[in-house]
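**Q** Below is the structure, and that's it, no one-letter string:
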């Protein structure tokens, strides 16, 4: 059949990719903090990673890579804001497995 909607969950590919990039970058900076301090890794969720980075912001700000961290995180924010501003309907359908 042609012209029929595919069953599935609407999925915004660019938003999924932006969130994965955010998670990966925050995890990378959290790893740097763990390597430099005697602290445990946070859960690998965006909220947990963001809270962890916020708690250790003073340490990270004094680190030689602080400018890199700020630049990377700002670029992620700007990209996420652009993705969020796109009109709806630019997603794909995620097939439902039987």
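**A** Perfect, thanks for sending it. Everything numeric in this text was worked out from a predicted model, so none of it was measured.
**Q** got any ranges where this protein has weak pLDDT?
**A** Low-confidence segments of the chain, defined by pLDDT under 70: 1-6, 88-98.
**Q** That one: strands as residue ranges?
**A** Taking DSSP state E as the criterion, the chain carries its strands at 9-11, 92-94.
**Q** Around residue 60, count how many other residues there are.
**A** Per other Cβ atoms under 10 Å, the neighbour tally for residue 60 reads 20. Placement of C-beta: from N, CA and C, glycine included.
**Q** can I assume it is in contact with residue 68?
**A** No: assessed by Cβ atoms under 8 Å, residue 60 is found out of contact with residue 68, at 10.4 Å.
**Q** Can you point out the buried residues in stretch 74-82?
**A** Buried residues in stretch 74-82, counting neighbours by 16 or more other Cβ atoms under 10 Å, are found at 76, 80.
**Q** Oops, could you answer that again for stretch 9-22 instead?
**A** 12, 18, 22.
**Q** tell me which of these is nearest to residue 56?
**A** Closest approach between these and residue 56, by Cβ to Cβ: residue 22, at 17.5 Å.
**Q** List the contacts of the closest one.
**A** Contact analysis of residue 22 by Cβ atoms under 8 Å, 6 or more residues apart in numbering lists 46, 76, 80.
**Q** Please tell me how far the residue nearest to the spatial centre of the chain sits from residue 79.
**A** The residue lying closest to the centre of the chain (Cα atoms, centre = their mean) is residue 22, at 2.0 Å. Counting by Cβ to Cβ, to the nearest Å, the gap from residue 22 to residue 79 is 9 Å.
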